[in-house]
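> fold the following and give me the result.
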Amino acid sequence: MESILALEDGVVFKGHAYGAPGERFGEVVFNTSLSGYQEILTDPSYAGQIVILTYPHIGNYGTNPQDSESAKPYAEGLVVRELSELASNWRSAEDISAFLATAGVPIISDIDSRALVRHLRKCGAMRGVISTTDLDEASLVAKTKASPSMVGLDLASRVTTATRYEWNEPSHHIYGTKLPKGAPPRFHVVAYDYGIKINILRRLVDVGCSVTVVPATTSASEVLELKPDGVFLSNGPGDPEPVEYAAKAVRELAGRVPIFGICLGHQIIGLALGGRTYKLKFGHHGGNHPVMNLETRKVEITAQNHGFAVDPDSLKASEVVLTHMNLNDQTLEGLRHRSMPIFSVQYHPEASPGPHDASYLFDRFVKMMQEFA
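Predicted coordinates:
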């Protein structure tokens, strides 16, 4: 079946359709990871986005229930150079086309993904549509221009959990068994779900935490009633500025309980501390982004997925220490408060998928809760 990817600037790519038929709109972004497509597609941070994978051959190891980061795929669509119709892996339960078809997500394959990525690097991320129903190029471009922009869009409230729940499951080995459990839970963490990934929750349990996950709009007073030893602010999709309810909660929690934020949680902390955020040209999406720890001068290879960043010049140097910097474009990747137990990073320390260079941050959070207690 023929499929079309149309961008808002009029550039059109034609390819073959897999996954679900239909028409889906979203911000078109590229991810440079070499593997981990199932984790990427089920990451709620990709809500509202069509993902291009720069690695040319995708789907060869299939999908399985254990590797999903949430209950369903959240990406609006998938763009690849070549989709493997053969999934060869002992863990595979379903090929990627069938996996996404069940979720209503379209795939367009057999396009020049390198040309598309070069175009986005030059012109910036932009709105697009994948369609198998309307194949009129002018019509698709017009509809794309009329679709919602990512700027000003609060997606955290759309992907968050509807109700509070408890999480006590640790990480699993690749063979499906739980890893040996260490010490019993010592700390109770309340985790805000702005689009949280399952492996973040598992990593918190791995370091000795029992976790209560709460909806994104939960007030500070409701969180404090749960008597947490610490508060975790998760990753999530969309523009951080419209998520004012989250920044308000952080301002009220600041100084009263240790706070650790990642990705969208990092941006919310920046806003809560009086800073500003801005949209990046094409964002950071992939498992190979070099970040300098400015305090140790060590370089970490990190997993990232965000289209916005905190403006370091908007933060008060008397209150905030800048701790991490992206070596590709020198954007702010981490901060900590000078007097209150608050720190955050822009990337994903649970690294699912990605390297584990930043796993020490979970230990730092535990140490902070211990010292605060």
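
> what residue is smack in the middle of this structure?
Nearest to the mean C-alpha position of the chain, by C-alpha atoms, centre = their mean, lies residue 45 at 3.7 Å.

> how about the longest strand along the chain: buried residues?
Within the chain, and with DSSP state E defining each element, the longest strand by residue count is strand 277-293. By neighbour count with 16 or more other C-beta atoms under 10 Å, strand 277-293 contains the buried residues 277, 279-280, 282-287, 289, 291-293. All C-beta spots, glycine's among them, are computed from the backbone N, C-alpha and C.

> among those, which two are most distant?
By the measure C-beta to C-beta, 279 and 293 form the most distant pair in the buried residues of strand 277-293, at 25.4 Å.

> pretty sure residue 121 contacts residue 285?
No - look at residue 121 against residue 285 with C-beta atoms under 8 Å: they stay out of range, at 11.9 Å.

> what residues are shared contacts of those two?
residue 30 (C-beta atoms under 8 Å, 6 or more residues apart in numbering).

> now the strands: where do they sit in the stretch 251-373 of the chain?
For the stretch 251-373 of the chain, the strands defined by DSSP state E, counting those that start in this stretch occupy 259-262, 277-293, 299-310, 320-326, 332-337, 342-345.

> what about dumping the CA coordinates of the third one to CSV?
Looking back up the chat, that one is strand 299-310. Listed in CSV are the C-alpha atoms of strand 299-310, where the atom choice follows Å, rounded to 0.1, in the frame of the first residue of the first chain:
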residue,chain,number,x,y,z
VAL,A,299,31.7,12.9,30.2
GLU,A,300,28.6,10.8,30.2
ILE,A,301,27.0,9.3,27.1
THR,A,302,23.2,9.8,27.7
ALA,A,303,19.8,8.8,26.4
GLN,A,304,17.7,11.8,25.6
ASN,A,305,14.2,12.7,24.3
HIS,A,306,13.2,16.4,24.5
GLY,A,307,12.4,19.3,22.3
PHE,A,308,12.7,22.1,24.9
ALA,A,309,15.5,23.3,27.2
VAL,A,310,16.0,25.5,30.2
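
> elements contacting that strand?
The helices and strands touching strand 299-310, judged by 3 or more C-beta pairs under 8 Å, 6 or more residues apart in numbering; DSSP states H and E, are strand 23-31, helix 264-272, strand 277-293, strand 332-337.

> in a markdown table, list those along with distance to residue 141 and mean pLDDT.
Output for the helices and strands packed on strand 299-310, formatted as a markdown table (distance: least, C-beta to C-beta, whole Å; pLDDT from 0 to 100):
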| stretch | distance to residue 141 | mean pLDDT |
| --- | --- | --- |
| strand 23-31 | 12 | 98 |
| helix 264-272 | 30 | 98 |
| strand 277-293 | 20 | 97 |
| strand 332-337 | 35 | 98 |
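
> do you know which of those lies nearest residue 325?
The closest of those to residue 325 is strand 277-293. By C-beta to C-beta, the value is 4.9 Å.

> what's the angle between that closest one and strand 299-310?
Angle of strand 277-293 versus strand 299-310, following axes from the mean of the first three to the mean of the last three C-alpha atoms, to 10 degrees, is 170 degrees.

> between strand 332-337 and strand 277-293, find me the angle.
Angle, strand 277-293 to strand 332-337, by the same axes, to 10 degrees: 80 degrees.

> what helices or strands is strand 277-293 leaning on?
Counting by 3+ C-beta pairs under 8 Å, 6+ apart, strand 277-293 packs on strand 23-31, helix 264-272, strand 299-310, strand 320-326, strand 332-337.

> buried ones in the longest one?
This points to strand 299-310. Within strand 299-310, the residues scored as buried using 16+ other C-beta under 10 Å are 300-310.

> shaky segments in the chain?
Scanning the chain for pLDDT under 70 picks out the ranges 176-183.

> quick one: the helices in it?
37-41, 96-102, 113-123, 137-145, 156-159, 198-206, 220-225, 244-253, 264-272, 360-372 (DSSP state H).
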